[in-house]
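J.: Requesting a structural model of the entry that follows:
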Amino acid sequence: MSASRPPLNKTSPKMTSTVRLPERLLLGPGPANIDPRVMATMQAPVIGHLDPAFMEILAEIADLLRYAFGTVNEMTMAISGTGFSGMDAALANVVEPDDTVIVGVSGFFGGKAAEAVTRLGARPVVVDGGFGSPVTTDAIAQALAAEPDARAVFLVAAETSVGLRQPLAEIGDLVRSAGALYIVDTVTLLGGATVGTDSNNIDVAYAGSQKCVGAIPGTAPITFGPRAAEIIARRSTPVPVWYLDALAIHRYWTNTPFYHHTCSSTLMAGLLEALRIIKAETIEARAARHDRNGQALVAGLEAMGLQIASDPANRLSMLTPVRIPEGINDAEVRAELLQSYGIEIGGGLGDWAGTAWRIGLMGHGSSTENVARVLAALEEALTARGYECQPGSTVAAARQISSD
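T.: Now for the predicted structure:
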């Protein structure tokens, strides 16, 4: 006999209770904790995606994204989707079947870009800098010489899988002189450093809202320069993903009476408030804050005797990978930090899975207080497992950097 179902008009207590999530200090590779002003803004009433008031919100977002990206590009907006939707939009709009795209790979996300190129029916030419090492100008020059008809060169500006800051300027000059497009992933960089889209000759840049930008996940800022816009306009084939068609999305964003998709007023209001916060602090001050706190974290970790995994000459300030000491269980320590201290840090990706932790200091979460909290918690967790370090030395070393 089968079990009887409860009457449909009876509601489970779980369905009538308020959803409550635990409070966490998010110090992993993203998402990051959000400024309370952004969360408060998102409590505003929902309005329609064609409401004139919403069109004003989109226009202000576009202006502030130009400031954050460092560009005057007209085609600047935010995709309704996470950072990978930005990657897909950046590539799908300018790449056609049988095109060649030179993809610089220094970590996990460069590899995903090469996969995305293949899915578009194009041919990726991978320039592998080695997991954790930057792609060099000479390597890109050699690839362009071997592939003179390459449609584009793709790089990840801030490779969070390895804590790497990829140099952009020289390669940008090289790509522009070769006549190819320069596509750059700034998912982690935007809002925490100077991107310099125009000064670095970047034709397409995209990001995610959930890291240094300081908003919740769900939007992907993107900008297309005039060279990229021209290529999109004269494509011989339609953009393969209707939802990510940049010309259609831009038409909607520029207040043309046009339905493209049901854009969330809640998400966009939060993004707008986050961008207003960036503008008020200034990109320069924000970059300095991320640099200072990143250096303080490194000083504290090294005082603990831990090894920083990222390239010292190209270290990313907002994401620090640290080698896991021999004999220490990766998942066990991360679980204790989460359960006992309410702190989330990230595990390794790709070649570094199980051998490194990734500690993020992004946006609102990049503060001296958070540096001290994660260092103290990690010191206690490691000491409890037999790892030897001088109590309190880690936080003292970090505070020395912060006070300099």
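
J.: I'd guessed Met87 sits against Ala207; true?
T.: No - with contacts counted by Cβ atoms under 8 Å, Met87 stays clear of Ala207, the gap being 10.2 Å. To be clear about C-beta, it is placed using only N, CA and C from the backbone, and glycine gets the same treatment.

J.: for Tyr243, what are its contacts?
T.: With contacts defined as Cβ atoms under 8 Å, 6 or more residues apart in numbering, the neighbours of Tyr243 are His261.

J.: where does it land on pLDDT?
T.: pLDDT for Tyr243: 97.

J.: Could you confirm it falls within a helix?
T.: Yes - assessed with DSSP: H, G, I helix; E, B strand; the rest coil, Tyr243 lies in a helix.

J.: What distance do you get for it to Glu96?
T.: Counting by Cβ to Cβ, to the nearest Å, the gap from Tyr243 to Glu96 is 18 Å.

J.: which stretches of the stretch 201-350 of the chain form strands?
T.: 204-206, 219-224, 319-323, 343-344, 346-347 (DSSP state E, counting those that start in this stretch).

J.: The second one pairs with which strands, parallel or anti?
T.: Going back to what we said before, that points to strand 219-224. strand 75-80 (antiparallel), strand 204-206 (antiparallel) (DSSP bridges).

J.: Return the distance of that strand from the chain's centre.
T.: Averaging C-alpha positions (Cα atoms, centre = their mean, to the nearest Å) puts strand 219-224 11 Å from its chain's average.

J.: what does the average pLDDT come to for that strand?
T.: Average pLDDT, strand 219-224: 98.

J.: now do the last one
T.: In this model, strand 346-347 has a mean pLDDT of 97.

J.: quick check, distance from it to the centre of its chain.
T.: On Cα atoms, centre = their mean, the centre of strand 346-347 falls 15 Å from the chain's centre.

J.: next one: the first one
T.: Taking the mean of its C-alpha atoms, strand 204-206 sits 12 Å from the chain's own mean (Cα atoms, centre = their mean).

J.: going forward can the numbers begin at 59, since that is how I track them
T.: Done: numbering now begins at 59, and the last item shifts to strand 262-264.

J.: Now do it: everything it contacts.
T.: With contact meaning Cβ under 8 Å, 6+ apart, strand 262-264 is reached by 127, 129, 137, 141, 144-145, 147-148, 151-152, 210, 239-245, 248, 253, 255, 278-283, 286.

J.: Of those, which belong to strands?
T.: Those of the contacts of strand 262-264 mapping onto strands are 137, 210, 239-243, 278-282, per DSSP state E.

J.: Between Met145 and Ala265, tell me which one has more neighbours.
T.: Ala265 (30 against 25; other Cβ atoms under 10 Å).

J.: Name the nearest residue to that one, ignoring sequence neighbours.
T.: Leu248 (3.7 Å; Cβ to Cβ, 6 or more residues apart in numbering).

J.: what's the burial count for that neighbour?
T.: Residues lying near Leu248 (other Cβ under 10 Å) number 29.

J.: check contacts around it.
T.: 126-127, 263, 265-266, 269-271, 279.

J.: for the longest helix anywhere in the chain, what is the average pLDDT?
T.: Longest helix of the chain, by residue count under DSSP state H: helix 341-361. Mean pLDDT, computed over helix 341-361, is 97.

J.: what's in contact with that helix?
T.: Applying Cβ under 8 Å, 6+ apart, the set of residues contacting helix 341-361 from outside is 125-126, 128, 249-252, 270, 336, 339, 366, 373-376, 378, 380, 417, 419-420, 424-426, 428-429, 432-433, 436, 447-448, 451-460.

J.: circling back: Ala174 is nearest to which of the strands paired with strand 277-282?
T.: Relative to Ala174, the nearest member of the strands paired with strand 277-282 by Cβ to Cβ is strand 262-264, separated by 11.9 Å.

J.: Give me the buried positions along stretch 333-352.
T.: Residues 333-336, 341, 344-345, 347-352 are the ones in stretch 333-352 that count as buried (16 or more other Cβ atoms under 10 Å).

J.: With respect to Tyr399, which of the residues you listed is nearest?
T.: Asn351 (18.5 Å).

J.: so which two of the buried residues of stretch 333-352 are the farthest from each other?
T.: Arg334 and Gly352 (24.3 Å).

J.: mind listing what Val233 touches?
T.: By Cβ under 8 Å, 6+ apart, Val233 lies in contact with 198, 202, 211, 239-240, 259.

J.: meant to ask about Glu402, not that
T.: Per Cβ under 8 Å, 6+ apart, neighbours of Glu402: 82-86, 392, 395-396.

J.: now Asp303
T.: Neighbour list for Asp303: 151, 296-297 [criterion: Cβ under 8 Å, 6+ apart].

J.: quick check, nearest of those to Met100?
T.: Using Cβ to Cβ, Asn151 comes nearest to Met100 of the contacts of Asp303, at 29.1 Å.

J.: Tell me where the stretch 59-208 of the chain has strands.
T.: 83-84, 133-138, 158-163, 181-186.

J.: Give the pairing partners of the first one; include direction for each.
T.: Taking DSSP bridges as the criterion, strand 83-84 forms sheet pairs with strand 401-402 (parallel).

J.: Quick check: end-to-end length of stretch 187-206?
T.: 20 Å (Cα to Cα, to the nearest Å).

J.: before we move on, the earlier item: for the residue nearest to Ala265, give the beta-bridge partners.
T.: Beta-bridge partners, per DSSP bridges, of Leu248: Ala251.
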